[in-house]
Every structure is written in C-alpha cells, then in structure tokens.
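**Student:** curious how this folds, go ahead:
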Amino acid sequence: MGWDAGVAEWLNPPPEVLREGGPSGGGPLVVTAAEGSDFWRRTGYGFVRDTGHALLRPFPVDSAVEVSFIAAFDELYDQAGAMVRVDARTWVKAGVEMSDGAAQLGAVVTREWSDWSPAPVPAWAGREVTVRVSRSGDALTVRARREQEPWRLVRLAPLAPDARASAGPFCCSPQRAGLTVRFTRFAAGPADASLHYP
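**Tutor:** Numbers count the residues shown, from 1 in each chain. Down below sits the predicted model:
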C-alpha cells in the first residue's frame with residue numbers, strides 16, 4: 001500500500017485517521033475530514049483555500065497512481081479522490097464531489113487560478129470509485145471508474161516535465177464536520193502507454 005510509513009506524508013493531517021487491521025495491518029485507511037477543509041484558488045469564489053487533506057508520495061515522470069475509495073457524499077462539496085501537487089499554486093485534484101444535489105465526477109486544475117470540470121454520476125454515490133492519474137512527458141491523464149466498470153477519461157492536463165510533483169489520496173469537507181472516507185487502495189506503477197485505452 002502506498003500509505004506505508006516513510007513512503008507518503010500528510011499535507012494538512014486530518015483530525016482522525018484509522019488504519020483497519022491495526023497500525024501494521026494491510027487494510028483500508030479511514031480518514032475523517034476537518035470541517036472547512038478545501039483546496040481552491042480564487043476563480044469564481046474569490047478565496048484561497050489550501051487546508052484539504054492529502055497523503056502524498058513522489059510522483060515522477062513516466063509513472064501513475066491509483067486511488068480507490070468509498071464515501072457517503074451527503075453535503076455540498078464533500079469530496080475525495082487523487083491529488084497531484086507541485087506547490088500551493090500548482091496542483092490537480094480529481095475525483096467525486098457533491099454538488100447540485102448529485103455526486104459529480106470531475107477535476108480541478110490549478111495554475112495560480114483553479115478551474116473545475118464536473119459531470120454528474122449519481123449512480124457512483126456510495127460505491128467504490130478508483131481514480132487513476134498517469135504522468136507522461138508534459139501531461140497528466142486522469143481516468144476514473146466505478147468498481148470494475150470501464151475507465152472513463154476525465155481530463156488531460158499540462159504539467160511541466162521538470163516539475164517535482166507528489167501524488168496520492170485527498171479528501172475535503174468545506175461545509176461540514178464528519179465526512180469519513182474509506183480509502184481502500186493507493187498504488188503506484190508505470191505510466192499509461194497511450195492517452196486512449198482500446
């Protein structure tokens with residue numbers, strides 16, 4: 001698992017983290033997000049938030065990460081997924097977020113200013129979701145799927161080949177306390193061979 005001690009480190013440690021199976025167990029990581037936690041920069045809302053929780057490990061070129069999770073997204077902007085981070089002004093988060101009364105699959109790409117590209121996936125609520133981010137050359141390719149369904153392309157975003165980045169699971173709860181996310185898997189491997197899967 002990618003969250004073993006010494007491999008990944010918390011950005012903004014959450015108020016509660018439980019490793020199922022005990023401290024040395026191999027089970028899922030259950031994370032409770034702090035009320036008001038969020039990642040966003042400026043666009044539309046006029047504020048900067050860099051208080052979300054992310055468990056990050058080095059993310060070099062020609063590699064990929066996968067994050068799987070289950071959560072009950074009940075309140076506006078409850079969110080979880082995978083994050084790629086260079087610094088506080090350059091990052092990408094991708095996953096599921098509650099908005100407009102439904103679970104939304106999307107990504108926020110931030111280069112000083114954030115943008116957001118959501119698409120409703122109401123049938124994904126409460127189900128295991130996997131987000132895969134592949135880094136190759138100057139690009140991040142973001143895919144996601146529900147359980148073992150086919151991958152969906154979520155976003156193709158730029159990232160400088162020489163950028164020192166890290167990646168891993170994240171969660172935020174901008175509007176409430178008590179969001180709990182069960183991260184069932186965090187793994188690293190080689191980058192995808194192609195932008196388009198067969």
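
**Student:** just checking, residue 98 touches residue 71?
**Tutor:** No - with contacts counted by C-beta atoms under 8 Å, residue 98 stays clear of residue 71, the gap being 9.5 Å. Backbone N, C-alpha and C define where each C-beta goes, glycine included.

**Student:** who touches both of these two?
**Tutor:** residue 78 (C-beta atoms under 8 Å, 6 or more residues apart in numbering).

**Student:** for residue 21, which three-state class applies?
**Tutor:** coil (DSSP: H, G, I helix; E, B strand; the rest coil).

**Student:** if we can go back for a sec, who's more crowded, residue 98 and residue 71?
**Tutor:** A count of neighbours by other C-beta atoms under 10 Å puts residue 71 above the other of residue 98 and residue 71, at 26 against 21.

**Student:** surely that one and residue 180 touch.
**Tutor:** Yes - Residue 71 is in contact with residue 180 according to C-beta under 8 Å; the separation is 6.9 Å.

**Student:** which sections of this protein are below the confidence cut-off?
**Tutor:** 1-6, 22-25, 197-198 (pLDDT under 70).

**Student:** what residue lies at the spatial centre of it?
**Tutor:** residue 82 (1.9 Å; C-alpha atoms, centre = their mean).

**Student:** surely that residue and residue 168 touch.
**Tutor:** Yes - Residue 82 lies in contact with residue 168 (C-beta under 8 Å); the separation is 7.0 Å.

**Student:** and for these two, which residues touch both?
**Tutor:** By C-beta under 8 Å, 6+ apart, the residues touching both residue 82 and residue 168 are 65, 67.

**Student:** rewinding a little: partners of the residue nearest to the centre of the chain in the sheet?
**Tutor:** residue 94, residue 169 (DSSP bridges).

**Student:** only alpha carbons, please: show the helix or strand that residue 134 is a member of as CSV.
**Tutor:** Element membership for residue 134, per DSSP states H and E: strand 129-136. Only the C-alpha atoms of strand 129-136 are listed here, as CSV (Å, rounded to 0.1, in the frame of the first residue of the first chain):
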residue,chain,number,x,y,z
VAL,A,129,-14.5,4.6,-7.1
THR,A,130,-11.0,4.5,-8.5
VAL,A,131,-9.1,7.5,-9.9
ARG,A,132,-6.0,6.9,-12.0
VAL,A,133,-3.6,9.7,-12.8
SER,A,134,-0.8,8.9,-15.3
ARG,A,135,2.2,11.3,-15.8
SER,A,136,4.0,11.2,-19.2
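
**Student:** give the pairing partners of the helix or strand just after it; include direction for each.
**Tutor:** Sequence-wise, the next helix or strand downstream of strand 129-136 (DSSP H and E) is strand 139-146. Using DSSP bridges, the strands paired with strand 139-146 are strand 129-136 (antiparallel), strand 152-158 (antiparallel).

**Student:** against residue 12, how distant is the residue lying closest to residue 141 once chain neighbours are set aside?
**Tutor:** Of all residues not flanking residue 141 in the chain, residue 134 sits nearest, at 4.5 Å (C-beta to C-beta, 6 or more residues apart in numbering). As judged by C-beta to C-beta, to the nearest Å, residue 134 and residue 12 stand 25 Å apart.
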